[in-house]
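Q: Okay, here's the prediction I keep looking at, along with the sequence it came from:
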Amino acid sequence: MLNRRSFLGTAAAGLAASALPFRARAATPLTMQAAWINDAEFAGYFLAMDQGYYTEAGLDLEYLSGGPDVIPESTIIAGRADLALTTPDTTIKAIVEQGAPFKIIGAQYQKNPIGIVSLAKNPINTPQDLIGKTLAVPPVNVISVEAMLKMNGIEPGQVNIVPYAYDPTPLVKGEIDASLDFTTNVPFTIQQAGEEATSFLLYDFGYTIYNDTVVVTEQVLAEKRDLLVAWLRASRKGWAENLADPTVWPPKFADTHFKGTGRSIENEVYFNTAQKPLMESPEGYFALTEDGIEKCLSALGEVGIVGSTDMFDTSLLAEV
């Protein structure tokens with residue numbers, strides 16, 4: 001199965017793997033790099049493109065799909081995109097360890113959708129329930145899980161952690177007790193296999209990081225600030241309309257943005273509905289609050305990624 005995450009370091013890697021770009025008609029060009037292939041994770045942007053919200057904001061937006069070989073941070077370093085959706089751990093790690101000139105100007109997910117998924121007939125509802133159980137975890141996420149276990153007073157040796165490749169089949173067959181995966185999506189897949197799933201977020205047990213952080217280079221921030229504010233404003237409008245009723249828009253994308261993905265529209269509706277509470281904030285979509293930033297940095301500190309508040313720029317959202 002596909003791995004959603006990679007580390008910065010091979011700037012050219014994956015650039016050729018991007019899907020064909022979708023271009024909306026408008027004035028000033030701006031290019032965004034998504035974090036993954038087209039699915040409901042990006043529905044708000046698709047809506048904003050189709051409804052002309054970027055055009056109204058004076059933008060000629062080029063949308064680049066992500067994928068298993070696309071490294072979002074590398075795309076903006078290479079100048080292929082002006083902004084990218086990333087995971088904050090890889091972005092902040094790149095800043096700290098490689099001196100990457102990045103700024104985080106927004107966060108799509110206020111709560112990271114990654115969590116522990118199990119079968120309802122053998123539920124694992126808390127970290128303590130994992131003691132003595134077999135948990136499948138993608139290798140890149142092991143450090144995050146171990147941090148969450150540590151935060152909850154559990155030694156790594158108390159849980160049997162085995163490799164996971166984003167395939168819930170071993171869980172459905174009872175070969176493992178739980179897996180780490182996207183709680184917005186995998187429970188639907190398990191349901192289609194004839195089982196009911198239950199899950200909890202790492203976020204709700206201490207691993208309080210954002211996800212799909214909006215990242216730009218310092219140069220783009222300096223040269224295209226007004227365009228970035230316009231993008232945030234139009235994107236926020238798209239997400240608000242999409243999530244007003246998460247069942248409405250995914251069917252409209254069946255023959256366009258979602259065509260050829262191999263996933264059903266019912267799956268996308270499930271995803272769109274599940275992600276709504278993870279994105280909402282009293283401060284509006286893409287919010288970067290002082291409390292949220294502190295929680296994100298604190299959690300990353302637990303896995304040895306020591307970031308600082310100056311890696312975030314909240315001033316653009318203040319203009320939206």
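A: Structure's in. What do you need? Since we're looking at a predicted model, the values are computed, not measured.
Q: quick one, strands of the chain?
A: Using DSSP state E, the strands found in the chain span residues 22-23, 28-33, 59-64, 83-86, 102-109, 114-119, 134-137, 160-163, 178-182, 197-201, 211-217.
Q: In TSV: those strands, plus distance to Gly52, mean neighbour count and mean pLDDT.
A: Bear in mind the C-beta positions are built from the backbone N, C-alpha and C, glycine included. What follows is the strands of the chain, written out as TSV (distance: least, C-beta to C-beta, whole Å; neighbours: other C-beta atoms under 10 Å; pLDDT from 0 to 100):
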stretch	distance to Gly52	mean neighbour count	mean pLDDT
strand 22-23	13	15	53
strand 28-33	15	20	98
strand 59-64	10	22	97
strand 83-86	20	27	97
strand 102-109	21	24	98
strand 114-119	34	24	97
strand 134-137	42	20	97
strand 160-163	45	14	96
strand 178-182	30	25	96
strand 197-201	35	21	97
strand 211-217	21	26	98
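Q: Return the per-residue confidence for the residue of the chain positioned farthest from its centre.
A: In the chain, counting by C-alpha atoms, centre = their mean, Gly132 sits farthest out from the average C-alpha position, at 30.0 Å. Gly132 is assigned a pLDDT of 98 by the prediction.
Q: need the contact list for the closest residue to it other than its chain neighbours.
A: Leaving aside its sequence neighbours, Gly132 sits nearest to Gln158 (C-beta to C-beta, 6 or more residues apart in numbering; 7.0 Å). Shown here is Gln158, whose contacts under the criterion C-beta atoms under 8 Å, 6 or more residues apart in numbering are 130-132, 149.
Q: how much space between Gln158 and Pro123?
A: From Gln158 over to Pro123 the distance is 18 Å, taken as C-beta to C-beta, to the nearest Å.
Q: To Leu316, which of the strands of the chain lies closest?
A: Closest to Leu316 of the strands of the chain, according to C-beta to C-beta: strand 102-109, at 5.0 Å.
Q: Please save the CA atoms from that closest one in PDB.
A: Listed in PDB are the C-alpha atoms of strand 102-109, where the atom choice follows Å, rounded to 0.1, in the frame of the first residue of the first chain:
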ATOM      1  CA  PHE A 102       9.900  27.300   5.500                       C
ATOM      2  CA  LYS A 103       7.000  29.100   7.300                       C
ATOM      3  CA  ILE A 104       3.700  27.500   8.400                       C
ATOM      4  CA  ILE A 105       0.900  29.900   7.600                       C
ATOM      5  CA  GLY A 106      -2.100  27.800   8.300                       C
ATOM      6  CA  ALA A 107      -3.300  24.300   9.400                       C
ATOM      7  CA  GLN A 108      -6.100  22.400   7.600                       C
ATOM      8  CA  TYR A 109      -6.500  19.900  10.400                       C
END
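Q: so it versus strand 211-217, what angle?
A: Computed by axes from the mean of the first three to the mean of the last three C-alpha atoms, to 10 degrees, the angle separating strand 102-109 from strand 211-217 equals 150 degrees.
Q: helices or strands up against strand 102-109?
A: Secondary-structure packing of strand 102-109 (3 or more C-beta pairs under 8 Å, 6 or more residues apart in numbering; DSSP states H and E): helix 88-98, strand 211-217, helix 218-223, helix 225-244, helix 265-279, helix 315-319.
Q: from the ones you listed, which stretch is densest packed?
A: Mean neighbour count (mean count of other C-beta atoms under 10 Å) peaks for strand 211-217 among those, with a mean of 26.
Q: Name every strand pairing with that one and say which way it goes.
A: For strand 211-217, the paired strands and their directions (DSSP bridges) are strand 83-86 (antiparallel), strand 102-109 (antiparallel).
Q: Now distance to Tyr285 too, for the ones you listed, in a markdown table please.
A: Listed next are the strands paired with strand 211-217 as a markdown table, based on distance: least, C-beta to C-beta, whole Å:
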| stretch | distance to Tyr285 |
| --- | --- |
| strand 83-86 | 13 |
| strand 102-109 | 7 |
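Q: and the most centrally placed residue in the chain, what is it in contact with?
A: Centroid-nearest residue in the chain: Asp212, 3.7 Å away (criterion: C-alpha atoms, centre = their mean). Asp212 sits next to 35, 41, 85-87, 107-109 when contact means C-beta under 8 Å, 6+ apart.
Q: remind me which residues of this protein are low pLDDT?
A: Scanning the chain for pLDDT under 70 picks out the ranges 1-26.
Q: how about the nearest residue to the residue nearest to the centre of the chain, chain neighbours excluded?
A: Nearest residue to Asp212 in three dimensions, chain neighbours excluded: Gln108, at 3.6 Å (C-beta to C-beta, 6+ apart).
Q: Quickly note the distance from the one you found to Glu195.
A: Distance from Gln108 to Glu195, counting by C-beta to C-beta: 29 Å.
Q: what's the answer for Ala287, then?
A: Distance of Ala287 to Glu195, computed by C-beta to C-beta: 35 Å.
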